[in-house]
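In: sharing a model that was predicted from the sequence below.
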Amino acid sequence: MQKTINKTLALCAVGFVIGGFAATNSEAAAFLQFDPTLNEVTVGEMFEVDVRYNFFDAGYGAQDLAAFDIDVTFDTGMLSFNSYSLTDNLGSLSAGDADDWSYGHDGHGTVNLAELSYLYDFSFQSDNFVLATLSFTALEIGQSSLDFTYIDLSDSWGDPIASPVFGGPATVSAAPVPEPATMVLFGTGLLGLIAMRRNRKNNSNE
């Protein structure tokens, strides 16, 4: 798939390329990370996690991102995948500036996210932005993680952005849903503590 993305980008860039292009600086670093990295939820709760991109080049600053192809894995015993949404940070999807090429969830714990932009001017891009948002529901008590297992990133010339760095997995901790009886006992105990504190205060004032 990435070969197709690169080929399409290269064809789109032909009309704008006169001469050569600058090579990627050896001090460049492209980061992909989950946000937030820690998700504390209850069983049955739906939650969202962003996939965030950050690029820094000591020589040139930010580098345009024009295409990406990413796989995210998760534990299907712990989590149920609901949906994904892509942002317009590579161009407006609704206006046809970019296309969603994602396969989505394969049914076995891998979510593919892919997008291709047809723009050549990325002056609107910052060096730190959200690529996509994933939605999950916690199924079981315990702890799981979200991991990047495949990443391909391309710039506006159709060239790969070298040596992307994974920001590490996101941790999901799912706790049981508090039972109504437990909440009643907790509330009763809290009211008792408040009453005792007030009695002590009244006695000390006498």
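Out: Looks like it arrived, so ask away.
In: so what's Ser144 bridging to?
Out: Val172 (DSSP bridges).
In: count of neighbours near it?
Out: As a burial measure, Ser144 scores 22 neighbours (other CB atoms under 10 Å). For every residue, glycine as well, the C-beta is placed using N, CA and C.
In: pretty sure Ser145 is in contact with Asp75, am I right?
Out: Yes - at 7.4 Å, Ser145 counts as touching Asp75 under the criterion of CB atoms under 8 Å.
In: pull out the buried residues from stretch 34-54.
Out: Within stretch 34-54, the residues scored as buried using 16 or more other CB atoms under 10 Å are Phe34, Asn39, Val41, Phe47, Val49, Asp50, Val51, Arg52, Tyr53, Asn54.
In: for that stretch, give the mean pLDDT please.
Out: The pLDDT scores in stretch 34-54 average 95.
In: got the CA positions of that stretch in CSV?
Out: The C-alpha atoms that make up stretch 34-54 are tabulated as CSV, following Å, rounded to 0.1, in the frame of the first residue of the first chain:
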residue,chain,number,x,y,z
PHE,A,34,-0.7,8.1,22.1
ASP,A,35,-2.5,10.8,24.0
PRO,A,36,-3.3,10.1,26.8
THR,A,37,-0.7,7.5,27.6
LEU,A,38,-2.7,6.3,30.7
ASN,A,39,-6.4,5.6,30.5
GLU,A,40,-8.1,4.6,33.8
VAL,A,41,-11.6,3.5,33.0
THR,A,42,-14.4,1.2,34.4
VAL,A,43,-15.7,-1.9,32.7
GLY,A,44,-18.2,-1.0,30.1
GLU,A,45,-16.9,2.6,29.7
MET,A,46,-16.1,4.0,26.3
PHE,A,47,-12.9,6.1,26.0
GLU,A,48,-10.9,7.8,23.3
VAL,A,49,-7.2,7.9,22.5
ASP,A,50,-5.5,10.3,20.0
VAL,A,51,-2.6,9.3,17.7
ARG,A,52,-0.3,12.4,17.7
TYR,A,53,2.5,13.3,15.3
ASN,A,54,5.4,15.5,16.2
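In: no further queries at this time; thank you.
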